[in-house]
Every structure is written in C-alpha cells, then in structure tokens.
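J.: Below are the sequence and a predicted model for it; my questions follow.
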Amino acid sequence: MFVQRDVVVRQASEADASGLARLLELFNGGSVDAATAARRLAALEGIETVFLAFRDGTPVGLSSIRIPPNLSEDVPYAELTELFVLPEYRRQGIGSLLMAAAEELARSKKATSIILLTGFKNATAQSFYRQVGYTDYALAMWRKLPQVSDAEVVS
Ligand SMILES: CC(C)(COP(=O)(O)OP(=O)(O)OC[C@H]1O[C@@H](n2cnc3c(N)ncnc32)[C@H](O)[C@@H]1OP(=O)(O)O)[C@@H](O)C(=O)NCCC(=O)NCCS
C-alpha cells in the first residue's frame with residue numbers, strides 16, 4: 001500500500017467494483033456498471049493487477065499493470081495498460097503514486113523495465129510519463145481485425 005498525505009493507493013478487489021466502474025466510465029466514456037467492472041477485474045486475475053488511489057475513501061484514480069513471462073529473456077517484462085486520475089484531482093501527485101505502486105509490483109516480480117502505450121496527441125500523458133522517467137522507445141502499430149461472421153466460420 002502506498003500512502004502520501006491523505007491519498008492511499010492499494011490493489012483493487014471485487015469490493016471496489018462500483019468505484020472502479022465509475023472511474024472506467026469517466027476514463028473511457030460509455031456505461032460500465034459494477035457487475036461489469038467486477039467481471040473484468042476477475043478476468044484479469046493472474047494476468048494483470050489494478051491499483052486504485054483513494055482520497056478520503058473515494059476512488060480518484062487507477063493504474064493497471066501486467067507482468068507476463070518473456071520468451072526472449074529470463075526476466076518478465078512489465079506493461080502499464082491503464083492510468084487515469086479524475087480531472088479535479090490532477091497535478092497533486094496521485095498519478096505519480098499510482099505509477100509508483102505499479103512499478104513496485106513490477107520490481108517485486110523481477111521485471112527490469114516497463115513499457116506503455118500512449119497517444120501521439122496525448123500531450124498531457126506524454127509530459128507526465130517523461131517527468132516520471134519514461135522515454136520514447138518504439139513505434140506502436142495497430143490494425144482493427146476484420147470480424148468473421150458466424151456464417152463464415154468453418155467447423
Ligand atoms: C496523466 C495523468 C494520469 C497524470 O496524473 P496526475 O495525478 O495529474 O499526475 P501528477 O500530479 O503525479 O504529475 C506529476 C508530474 O507530471 C507532469 N504533468 C502532469 N500533468 C501534466 C500536464 N497536464 N502538463 C504538463 N505536465 C504534466 C508534471 O511535471 C507533474 O508535476 P507537477 O504537477 O509538480 O508539475 C492524468 O493527467 C490523467 O489521468 N490524464 C487522462 C488519462 C490519460 O491520458 N492517461 C494516460 C493514458 S496512456
């Protein structure tokens with residue numbers, strides 16, 4: 001658990017589902033209910049760890065990190081997959097605390113580095129990541145997979 005002044009960062013559990021759902025809605029838009037958040041959290045078990053930041057008991061931010069084994073090396077590699085702080089709580093060190101919690105877990109699992117994706121146009125996130133020690137590393141590429149309709153699936 002990470003504590004700084006009145007902010008506590010700890011791993012999310014099923015009991016946090018409604019708070020997590022609210023953060024996911026505000027981060028990604030759309031509608032996420034507590035049952036959906038709980039189901040997604042359960043599906044991450046053993047693959048990815050979610051941290052929540054609380055101020056006065058209210059969830060105000062999240063980070064999420066996966067630390068899979070690595071075919072090319074004996075050490076695992078870590079990937080930060082989510083980072084979000086409610087707008088009214090930004091520039092108060094909460095994003096940094098959420099990163100610290102994710103990095104500490106990665107270190108404890110023997111990962112030696114962390115990779116993350118952020119948008120080319122997300123200047124805020126880029127400034128933040130540079131400030132906490134991250135540098136440009138690779139070009140991310142992306143393709144939307146064509147969906148195969150049931151009729152096309154050959155059994
Ligand atoms: C990126 C984000 C998580 C940062 O959270 P935060 O709680 O504001 O971060 P911190 O307060 O720990 O900031 C640490 C330092 O990062 C830098 N930083 C943070 N926000 C910044 C901004 N908008 N512009 C410039 N630098 C910024 C500053 O150097 C800051 O230190 P300072 O406030 O003493 O100057 C937050 O802005 C956010 O949730 N953004 C929307 C979601 C998002 O884009 N997530 C990343 C997806 S890849």
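T.: Alright, I've got the coordinates. Residues are numbered from 1 along each chain as shown.

J.: And for the residue in the chain positioned nearest to the ligand, the neighbour number?
T.: Shortest the chain-to-the ligand distance, computed as CB to the nearest ligand atom: residue-wise this is Gly95, at 2.4 Å. Any C-beta I mention is one placed from the backbone N, CA and C, and that applies to glycine too. By the measure other CB atoms under 10 Å, the count of residues near Gly95 is 23.

J.: secondary structure class for it?
T.: When the structure is reduced to helix, strand and coil (DSSP: H, G, I helix; E, B strand; the rest coil), Gly95 reads as helix.

J.: contacting residues around it?
T.: When contacts are counted by CB atoms under 8 Å, 6 or more residues apart in numbering, Gly95 touches Gly61, Leu83, Val85, Phe128, Val132.

J.: Swap in 6 Å and give it another go.
T.: The contact partners of Gly95, by CB atoms under 6 Å, 6 or more residues apart in numbering, come to Val85, Phe128.

J.: and if you look at the one 5 residues further on?
T.: Applying CB under 6 Å, 6+ apart to Ala100 gives the contacts Phe2.

J.: what's the helix or strand for Glu82?
T.: Glu82 belongs to strand 78-85 when assigned by DSSP states H and E.

J.: Identify the neighbouring strands of that strand in the sheet and state each direction.
T.: Partners of strand 78-85 in the sheet, by DSSP bridges, are strand 58-66 (antiparallel), strand 114-116 (parallel).
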